[in-house]
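Participant: test case, fold it:
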Amino acid sequence: MTFDLRLVVYAPFGGRLGVLPHPLSVEAGWPLNDVPSLKLAYTATAIGAALLDQPCEIAVQWSVDGTVWTEAPDSRFLRIKRRGDGSNPTGLARYELPGFVWMLRKIVLYPGTAPLVDGKRAFLSATAGSILQTFIGEAKGRGAVPGLQWDFTPEQDSAGQSWDKVITIYYQPGMDALTALQNLSEQGVCDFRMSGRTLQVFNADTEMNDDLASGPAPVDLRYGRDIAEAPDDGTLEDTASSVLVVGDNGLVKTLTNPAAVAPWGPWEQYVGAGGVSDEGTATILAQSALERAGLERVQRTRGVVLSGARWLPLRDYGPGDRVFAPGDGGVLESLRVRQVTLARTSTGVLGGSLVLNDRFLERDIRLARRTAGIVGGSTADGGSGARPVPALEAPEPRTPAAPQGLIVDPQAYIDEHGLPHGQVTVTWGAVAADVGGVALTIGGYELFMRINVTGQPWFLVASTEAGDTTATFSPLVIGESYAFKVRAVNVGKAGPFSSVVAVTVPDDDEAPPVPTAPQLSTRLGVVRVAWDGLGVGAVPMPPDLLHVRVWMQDPLAPGWSEIGVLGEAGAVLVPYLPYGADREFRFTSIDRSGNESAPSNAETIAAVQLVTGDAANESITTGALAANAVTADKLAAGSVEAEHIKAGAVVADSLAAVLTLSTRVVAGSASGARVELNSSGLAAYNGSGQQTASISAATGAVSIVGQLASGVTGARVVVNPAGAVNPEVRFIPGSGTNASRIYSDGSRFTGEATLVMESGTNQAATAMCRLTHAAGFWQAAIFNPANGEQRGGVVSALENQGAIGWTHPTQQDQLMLFDQSGTLHRGTWLYANDSGLIMLSLSVARGATYYQVVLGFSFPTTPKVVFSAEQVTTMQLFSRTNGDLFFFDPAGGSSPPSRTFHIWAWR
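Facilitator: Numbering: from 1, shown residues only. Just a heads-up that it's a prediction; the model follows:
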């Protein structure tokens, strides 16, 4: 019996095209409730290579006799991603194929015909079947995914069983079906897999949880027969005895699990069910959380034996099944198969491994999946972007309506220092009406953001024009959750906010390129392992490269060991190797986020003995050399290089008290990027040979071209920071990028150098202070950091004028101006406390024969009223008090029902 795999190619949603008989390597993974993956390497000269020239489907089939071949569940893959190197004469191409269920990513939810709830589509008391059939059925009605099938209904799962859970939840239009399916699975609502092109969804822990560990003939995986190595990793970090569920509209529910592991007593857990107000849904979420948190989470990885094994993956068991396998201490116990991985190497050897029981899931992956899945729905972590409570005040006329369809797309990027940060692109639907539904042309939008933690303040991060419904913002902290909302603005009047969307910024998950193969040489018994600083195909390494790891193994006793690292192009020297014995070397690259590349091609070399005969091994020692026998005049120029000197061989007692340099000491390229110590001092040069830093030995003067920082993180000072428009000094008080700065600007006044000092932004990012010093101009003002407009208090001094007051781009300025001609007030005077000058403008309804003007305050004495020349009616001052004015109108009932009075008064 020989267990084997083969690859069968099918046309997209079509028939069989042929077999791929000669893959260089194959690796397939079948995880539980996730997207399977297939990695394939194939050369253009191999039979069947042409089948891979176009998009196609590849089925992985297994057989034990080479005659009957079977396609197991989740074994159909999509050829949508490929990479190759045109310079490779074999035409080697590598393919990364997701499982067929990945196609659900190309099904998005449309708004539907029913009214949306806060911009979301409601699924009330719905089953997993009804939710998923809505996604897929509507997409097929639009002509999408014509060949995708399903075998469940809103009433029954794929096994014909009634759905055992219902859920009330809201989904954002634009969300894809795969995200919804994975989210339902993570919440313990269902399990899923593909059978060919048919999606199958089952009640959780039923059909895809076969108990093969019990019965008269259990599947028992034993050491030496079915199992090879067996490493374990366990943690109690996620255990809990009780769960607090907090939803919308005052929903609070607590569930406990007395059987939970509690060596230190009960532990508690919180489930933020944003967007959920149904108690049944909250109970489902709490129960699922308690089931996951009741025991120690253990990942058990088991290498499987495929030759001579009694039990074989795919044939006898698959993802989700429970099998008898070695647990703690090698004791057989019932464990659930979480993933099956099978791989065929380039030598044709077929092997594999299993992940049993619980897998460790990276926290940022869980958060990203949940926030992308149900933004405003239920999550198993605090802060999900729940819908905000509606405002109490009634909407004002001509107030813009709330934007709909808010979408936040987070991405990771690498800054100039090679450090990962986050960026979001936010889009929303245009607002074309007010809250009453009347057409309205708005002035723009304001995007607000906050850290997605209860009680954190909101702050303005972007303002756009009316026609621009997209905004971007960075930098953000990797792994941090943020909430976003947007509102429309019409002539200074802001409308209600959109629904809140929360996202978690993903980490950089792209591994660096595979390094080029090692360049090996040997001399004087030492092996030199060199790297040219590039990736395969001569591609440059990304800025977040941490280093390249150097690996070595004895081909006669395989087992790779790390022997060093290289931060850039260079070499590692490996001494003390046995002469004439082959050693293999290879590289892997790793970045600052921990992503590691696949290994480079391995190269082999054997260390060469120094000489034979009289100078045998260890025959030349320090005792065989006369004092000062080896002097400078006996060494050729350049013959002693850094690579010839063993690490740690040159120590203080090996050197003269004074080491005099006749030329220079260079680290790096002799004419390119380097650091150089010479008789003039210390200098650094870039790749073009331009000097970037120097310390003069004669004067001690220091010159630096480029950025100078007192630290990489935390409180620090940065001089001439990378990316700055003008040379500046930047002061950063702690974490984040909020900083104050000082710089000189020659563009403000021709021929002048203007000194500018700017503070950082306030916590809400709505204000900053700028102090400007010029030859004939000085100003201290509050600005809007989003667009640079003055928006607050201001003090300024010119050669012929001074001013103090308040300015705003769309509202009336309030300023006092001073010059040689006098004092000018621009704005409106208001009465407050003991003000001396009062101006009022108000409309007054007519009484029987008079208009009563209520001042709202009392003068010490009865005010005197003076009618100006503009008063042409017969109106008279009828009576007056310290706080009211009565104007008599002889016209009586024929006078206007109301009049506007402009009152100037003083005290």
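Participant: so V101 versus L573, what's the distance?
Facilitator: Applying CB to CB, to the nearest Å, the value for V101 to L573 is 50 Å. C-beta: built from backbone N, CA, C; applies to glycine.
Participant: repeat that for V304.
Facilitator: According to CB to CB, V304 and L573 sit 40 Å apart.
Participant: in the stretch 451-600 of the chain, which spans are strands?
Facilitator: For the stretch 451-600 of the chain, strands defined by DSSP state E, counting those that start in this stretch occupy the ranges 459-465, 470-476, 481-490, 493-494, 501-504, 519-523, 526-531, 534-535, 539-540, 545-554, 557-566, 570-574, 582-591.
Participant: going by mean pLDDT, which of those strands comes out lowest?
Facilitator: Per-stretch mean pLDDT for the strands of the stretch 451-600 of the chain is lowest at strand 539-540 (a mean of 74).
Participant: quick one: which of V101 and L573 has more around it?
Facilitator: Between V101 and L573, counting by other CB atoms under 10 Å, V101 is the more crowded of the two (24 against 17).
Participant: ok, now which ones touch the more buried one?
Facilitator: By CB atoms under 8 Å, 6 or more residues apart in numbering, the contact list for V101 reads 35-36, 74, 178, 181, 192-194, 199.
Participant: I'd guess it is in a strand, am I close?
Facilitator: No: V101 is assigned helix when assessed by DSSP: H, G, I helix; E, B strand; the rest coil, not a strand.
Participant: can you pull out the helices in this structure?
Facilitator: 128-141, 177-186, 279-293, 363-373 (DSSP state H).
Participant: weakest of these by average pLDDT?
Facilitator: Note on the helices of the chain: lowest mean pLDDT is at helix 363-373, with a mean of 34.
Participant: quick check: longest strand of this structure.
Facilitator: strand 332-344 (DSSP state E).
Participant: who are the neighbours in contact with A430?
Facilitator: Here A430 is in contact with 403, 467, 469 (criterion: CB under 8 Å, 6+ apart).
Participant: please redo it, this time with the cut-off set to 7 Å
Facilitator: Residues near A430 by CB atoms under 7 Å, 6 or more residues apart in numbering: T469.
Participant: and it, what pLDDT?
Facilitator: You'll see A430 listed with a pLDDT of 77.
Participant: if I look at it, how far off is N490?
Facilitator: In terms of CB to CB, A430 sits 13 Å off from N490.
Participant: hmm, back to that, and the longest strand of the chain, which strands flank it?
Facilitator: Strand pairing for strand 332-344, determined by DSSP bridges: strand 25-31 (antiparallel), strand 322-326 (antiparallel), strand 350-357 (antiparallel).
Participant: which secondary element of the chain has the worst mean pLDDT?
Facilitator: Ranked by mean pLDDT, DSSP states H and E, the weakest helix or strand in the chain is helix 363-373, scoring a mean of 34.
Participant: and S521, bridged to which residues?
Facilitator: R528.
Participant: hmm, it is touching R528, no?
Facilitator: Yes: S521 is within contact range of R528, at 4.8 Å (criterion: CB atoms under 7 Å).
Participant: between these two, point out the one with more neighbours.
Facilitator: R528 (17 against 13).
Participant: so that one makes contact with G570?
Facilitator: No: at 10.3 Å, R528 does not count as touching G570 under the criterion of CB under 7 Å.
Participant: beta partners of L798?
Facilitator: Applying DSSP bridges, one finds that L798 bridges with F777.
Participant: count of residues packed around C56?
Facilitator: Taking other CB under 10 Å as the neighbour definition, C56 ends up with a count of 19.
Participant: next one, pLDDT for H808 please.
Facilitator: 83.
Participant: next one: the one 10 residues further on
Facilitator: In this prediction, F818 carries a pLDDT score of 89.
Participant: hey, what's V304 bridged with?
Facilitator: I227, G352.
Participant: tell me how far it lies from S75.
Facilitator: From V304 to S75 the distance is 17 Å (CB to CB).
Participant: these two - which one has more neighbours?
Facilitator: Higher neighbour count among V304 and S75: S75, with 26 against 20, using other CB under 10 Å.
Participant: how about the contacts made by the closest residue to the more buried one other than its chain neighbours?
Facilitator: Excluding the flanking residues, the one nearest S75 by CB to CB, 6 or more residues apart in numbering is V60, at 4.5 Å. Under the criterion of CB under 7 Å, 6+ apart, the contact list for V60 reads 5, 7, 28, 38, 75.
Participant: who are the contact partners of the fourth one?
Facilitator: By CB under 7 Å, 6+ apart, L38 lies in contact with 28, 58, 60, 77, 97.
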